[in-house]
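Novice: A structural model of the following input is requested.
(one chain, ligands or ions: 1)
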Amino acid sequence: MSEEAKIAYLREKIAHARGQSRGFSVVLFLGIFSAVLGYVWLENLTFTILGVFVALVGGGFSLYFDVQKTRLLEELGKMASTSKCPKCGKQTPQGNFAFCPFCGANLTSKQE
Ligand SMILES: [Zn+2]
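Specialist: I've put the predicted structure just below:
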């Protein structure tokens with residue numbers, strides 16, 4: 001897999017994790033809402049417990065995807081920092097450059 005394809009793949013995974021995290025935050029909110037509704041208005045224990053359960057599951061998954069997103073962002077940041085010239089340390093432009101445009105050092109040998 002090329003560096004660019006890896007970055008695109010990571011970006012896609014980050015977007016997915018972000019969407020999942022957001023989706024489960026809604027589940028968390030609905031769970032809390034159901035629990036409060038069940039406790040305060042309906043005075044229904046089953047409904048309240050169900051709401052708490054849904055909130056816990058939603059919150060757990062939301063947290064899980066949030067952690068995953070953070071981890072992927074770190075990975076992406078690390079990858080971005082590797083697109084530096086190993087010789088002069090200048091950031092090389094996006095794209096597959098065989099040689100550093102600043103000092104002419106070979107960039108193809110640093111892969112992986
Ligand atoms: Zn250079």
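
Novice: Would you mind giving both backbone torsions of the residue positioned nearest the centre of the chain?
Specialist: With distances taken as CA atoms, centre = their mean, the residue of the chain nearest its centroid is K69 (1.8 Å). The phi and psi values for K69, taken as degrees, to the nearest 10, are phi -60, psi -50.

Novice: Spatially nearest residue to it (excluding sequence neighbours)?
Specialist: Closest residue in space to K69, ignoring its immediate chain neighbours: A17 at 4.0 Å, by CB to CB, 6 or more residues apart in numbering. Using the backbone N, CA and C atoms, a C-beta is placed for each residue, glycine as well.

Novice: Low-confidence ranges, the protein, go.
Specialist: Along the chain, segments meeting pLDDT under 70 span 1, 80-83, 93-96, 109-112.

Novice: near the ion, which residues of it show up?
Specialist: Where the chain comes near the ion, counting by CB under 5 Å from the ion, the residues are C85, K87, C88, C100, F102, C103, A105.

Novice: I'd like the distance between the fourth one and I7.
Specialist: Read it as C100. C100 is 19 Å from I7, where distance means CB to CB, to the nearest Å.

Novice: Same check on the first one?
Specialist: The spacing between C85 and I7, counted by CB to CB, is 18 Å.

Novice: Neighbour count: these two, which is higher?
Specialist: C85 (20 against 17; other CB atoms under 10 Å).

Novice: For this protein, which segments are assigned as helices?
Specialist: Under the criterion DSSP state H, helices of the chain are mapped to 3-36, 45-82.

Novice: Give the other helices and strands that the longest one contacts.
Specialist: Contact analysis of helix 45-82 by 3 or more CB pairs under 8 Å, 6 or more residues apart in numbering; DSSP states H and E lists helix 3-36 as its packing neighbours.

Novice: Since that was my last question, I'll sign off now.
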